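Engineer: Provided below for reference: sequence and predicted model.
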Amino acid sequence: MATAFKNYLTSNIGTTPSVVFTAGAGAQSTIYSFTIANVKSPAATITVSTYITSGATISYLVKDAPIPAGSTLVVVGEPQKLAMETGDTISVVASVTAAADVVISIVELT
């Protein structure tokens, strides 16, 4: 099996849900780092929800979490990991327009 480390970056997430990661076919994906930053200026506290869609099931990882201006929220980090199956997606939505940046780091086995 080949191992690949990848980063997925999404900027300026706002009030419309944005898919920030989709697990691909033919690979096992494990998220080992998932961080959301409040980049809104002037200072604003944003509220962020993050959820996984697997088939017809939607489950929240974070629901309505406040992130003060200039701060970050670690959704997944050591020692946690999140296994993703083919077609699973992670979406993020913020309460303020263009307020959140996301960095997701994964290990992919093919």
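Structural biologist: Cool, got the structure. Numbers count the residues shown, from 1 in each chain.

Engineer: I'd like the distance between G14 and S29.
Structural biologist: Distance check for G14 against S29: by C-beta to C-beta, to the nearest Å, it reads 26 Å. (Glycine included, C-beta is placed from N, CA and C.)

Engineer: So which of the two has more stuff around it?
Structural biologist: More neighbours sit around S29 than around the other of G14 and S29, counting by other C-beta atoms under 10 Å; the figures are 22 against 17.

Engineer: in the protein, which spans are strands?
Structural biologist: Taking DSSP state E as the criterion, the chain contains strands spanning 3-13, 18-22, 28-38, 46-54, 57-67, 72-76, 82-84, 89-94, 100-109.

Engineer: and the angle from the third one to strand 89-94?
Structural biologist: Our comparison of strand 28-38 with strand 89-94, counting by axes from the mean of the first three to the mean of the last three C-alpha atoms, to 10 degrees, yields an angle of 0 degrees.

Engineer: Start the count at 278 instead of 1 going forward.
Structural biologist: Will do, 278 is the new start, and the previous item becomes strand 305-315.

Engineer: For strand 305-315, buried residues please.
Structural biologist: Of all the residues in strand 305-315, those buried under the rule 16 or more other C-beta atoms under 10 Å are Q305, S306, I308, Y309, S310, F311, I313, A314, N315.

Engineer: Brilliant, that's me finished.
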